[in-house]
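**Student:** I'll drop the sequence and a predicted model, then ask my questions.
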Amino acid sequence: AITPMGKRMMRQWLMRPLYDKKEIEERLNTVDLLMSNTEIRSILEANLVKLPDLERMLSRVHSCTVKVKDFEKVITGFEDIIKLLNSLKNELDGDIKSTALGKYIQHIPASLKDDVNKWSNAFDRKKAIMENIIIPQRGVEPDFDKSVDEMDSIESELQELLKQYKKQFKCSSIAFKHSGKETYTVEIPINATKNVPSNWIQMGANKSAKRYYSDELKTLARCMTEARESHKILEEDLKKRLCLKFDENYKKTWMPTIKIISQIDCLIALTRTSESIGYPSCRPEFVDEMDAETGNKLNGFVKFQSLRHPCFNEGTTVIREFIPNDIELGGNQPQLGLLTGANAAGKSTILRITCIAVIMAQMGCYVPCETAKLSPIDRIMTRLGANDNIMQGKSTFFVELSETKKILDMATNRSLLVVDELGRGGSSSD
């Protein structure tokens, strides 16, 4: 898979292969489409490689622990998904609609575009990346806007007051001076201090000027300090509020979209695997027949011709040769197969490649063999190796038979049972 969330989804697909024949065929149709239509595949691969780990980042947004830079990456990621969907619009013809890919694209939430557009200009994206701070656009956070307006109003009053003092003292060099906690003190040159009213409080002085507070200026400076402290609290709480606001569409828009993109990523992974397993490889054929009289499903079967292990690519492996095997159980052949042979003869390998082939087929992938025909398998039940449980008074032979009994109790006529070296825990006389 290309994306991190696609890799996690692939693990789920591997652990839970499909059982419904229609769904399996839809995936196989997609694999055929992507193998033949390189244009669609290149569009998907080029856009998916840009995506960050949206699933993990979204969980951090959900818990309000996301970093500002990552929050911006989440929005950018969803914008890239919209670009991908727009690129695929022209390719959505009848062939795609019959595949799993078309099915997934049709299930993308209709509200995705509008929800993403709301956040595209919600805050200053450049400052979020460069300075790691959030400055929302007007209208996004009313409390934040009100706080900014209040500070701007006080600032304009202070500037008007400064203009009055310049006229009053007929001195254009009068300016505001900040010194520690003493903000907005008015600095007056020495030659103009003779006209300072007696009720002004001197806050400091140097060789060229003195700093004063008038009653009106002191009140405005205190108001500005309080407004800035309130604004700072809002800024600290802003990220949490934005996360909560973004999280309102968590189940409705964001998570369904990520799940679908992950599934599309898995389809590309199946296509790549189908191409890389070498020759011969084939599309598996599924037969899901019912008994006309009882309505029950007929016994399952598997039939593979020249089956080999997918890790031994015949197209590239020259040094290590792999002898293919024909596997046939059920149907016109017996339901049970007994393997005997010398050590390292490949008995366990045949068991493994049969299970792997069934899993690959029901995931919607090509199988490394000349032909593959099988019924959907509801479960693969294995009993491999030999371990005892002495602490509970159970011998190796007892554990083996207990596990085998459990397999026989749970198995159906569509289950694939793999039992390797049954009775190893006993002697030949047992």
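**Tutor:** Arrived safely.
**Student:** Run through this structure and note the low-pLDDT ranges.
**Tutor:** Scanning the chain for pLDDT under 70 picks out the ranges 91-95, 97, 313-320, 386, 424-430.
**Student:** redo that, cut-off 50
**Tutor:** 317, 319 (pLDDT under 50).
**Student:** Could you tell me the end-to-end distance of stretch 382-392?
**Tutor:** From its first residue to its last, stretch 382-392 covers 23 Å (Cα to Cα, to the nearest Å).
**Student:** how about that stretch: buried residues?
**Tutor:** Of all the residues in stretch 382-392, those buried under the rule 16 or more other Cβ atoms under 10 Å are R383. All C-beta spots, glycine's among them, are computed from the backbone N, C-alpha and C.
**Student:** cool, and stretch 30-47?
**Tutor:** 30-34, 40-41, 43-45, 47.
**Student:** buried ones in the lengthiest strand in the chain?
**Tutor:** When the chain is parsed with DSSP state E, its longest strand is strand 182-189. Using 16+ other Cβ under 10 Å as the test for burial, strand 182-189 gives 183-188.
**Student:** closest to P310 among those residues?
**Tutor:** T183 (72.1 Å; Cβ to Cβ).
**Student:** Surely that closest one and L220 touch.
**Tutor:** No. Using Cβ atoms under 8 Å, T183 is not in contact with L220, being 10.0 Å away.
**Student:** And the strands in the chain?
**Tutor:** 175-179, 182-189, 201-205, 209-213, 285-286, 302-307, 325-329, 371-374, 379-383, 415-419.
**Student:** okay if I get the ones you listed as a markdown table plus distance to A344?
**Tutor:** A markdown table is the format used below for the strands of the chain (distance: least, Cβ to Cβ, whole Å):
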| stretch | distance to A344 |
| --- | --- |
| strand 175-179 | 85 |
| strand 182-189 | 85 |
| strand 201-205 | 93 |
| strand 209-213 | 94 |
| strand 285-286 | 33 |
| strand 302-307 | 19 |
| strand 325-329 | 15 |
| strand 371-374 | 27 |
| strand 379-383 | 20 |
| strand 415-419 | 19 |
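**Student:** Which of those strands sits closest to E229?
**Tutor:** Of the strands of the chain, nearest to E229 by Cβ to Cβ is strand 182-189, at 11.9 Å.
**Student:** now the buried residues of stretch 30-47 in JSON lines, with distance to Y165?
**Tutor:** Listed next are the buried residues of stretch 30-47 as JSON lines, based on distance: Cβ to Cβ, whole Å:
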{"residue": "T30", "distance to Y165": "76"}
{"residue": "V31", "distance to Y165": "79"}
{"residue": "D32", "distance to Y165": "82"}
{"residue": "L33", "distance to Y165": "77"}
{"residue": "L34", "distance to Y165": "75"}
{"residue": "I40", "distance to Y165": "71"}
{"residue": "R41", "distance to Y165": "72"}
{"residue": "I43", "distance to Y165": "66"}
{"residue": "L44", "distance to Y165": "67"}
{"residue": "E45", "distance to Y165": "67"}
{"residue": "N47", "distance to Y165": "61"}
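**Student:** Pick out the most distant pair among those residues.
**Tutor:** D32 and N47 (21.4 Å).
**Student:** Now do the same contact list for Q202.
**Tutor:** Contacts for Q202 (Cβ atoms under 8 Å, 6 or more residues apart in numbering) come out as 210-212.
**Student:** Please tell me how far K69 sits from K127.
**Tutor:** According to Cβ to Cβ, to the nearest Å, K69 and K127 sit 11 Å apart.
**Student:** ignore the last one, T219
**Tutor:** 33 Å.
**Student:** Of those two, which one has the most company?
**Tutor:** Remark: of T219 and K127, K127 carries more neighbours, 14 against 11, as counted by other Cβ atoms under 10 Å.
**Student:** before we move on, the earlier item: restricted to helices, list the buried residues of stretch 30-47.
**Tutor:** The members of the buried residues of stretch 30-47 that map onto helices under DSSP state H are 30-34, 40-41, 43-45, 47.
**Student:** Which of the residues you listed sits closest to M203?
**Tutor:** Checking those against M203 by Cβ to Cβ gives N47 as the nearest, at 61.2 Å.
**Student:** ok, the closest one - contacts?
**Tutor:** 80-81, 83-84, 87.
**Student:** which of those residues tops the neighbour count?
**Tutor:** For these, neighbours tallied by other Cβ under 10 Å; top is I81, 23 neighbours.
**Student:** Surely that residue is in contact with L51?
**Tutor:** Yes. Contact criterion Cβ under 8 Å: I81 and L51 qualify, at 7.3 Å.
**Student:** Can you work out which residues contact both of the two?
**Tutor:** Common contacts of I81 and L51 (Cβ under 8 Å, 6+ apart): I261.
**Student:** Return the closest of the ones in helices among the buried residues of stretch 30-47 with respect to A292.
**Tutor:** D32 (31.6 Å).
**Student:** From G6, how far off is that closest one?
**Tutor:** D32 is 20 Å from G6, by Cβ to Cβ.
**Student:** Quickly list what the nearest residue to V186 once chain neighbours are set aside is bridged to.
**Tutor:** Among residues not flanking V186 along the chain, Y212 sits closest, at 5.4 Å (Cβ to Cβ, 6 or more residues apart in numbering). Here Y212 sits in beta bridges with V186, Q202, going by DSSP bridges.
**Student:** just checking, I323 touches I350?
**Tutor:** No. The criterion here is Cβ under 8 Å, and I323 misses it with I350 at 10.3 Å.
**Student:** neighbour-wise, which of the two wins?
**Tutor:** Legend: neighbour count by other Cβ under 10 Å for I323 and I350, higher for I350 (18 against 9).
**Student:** how close does that one get to E285?
**Tutor:** Distance from I350 to E285, by Cβ to Cβ: 21 Å.
**Student:** Ok, S179 next?
**Tutor:** Between S179 and E285 the distance is 85 Å, computed by Cβ to Cβ.
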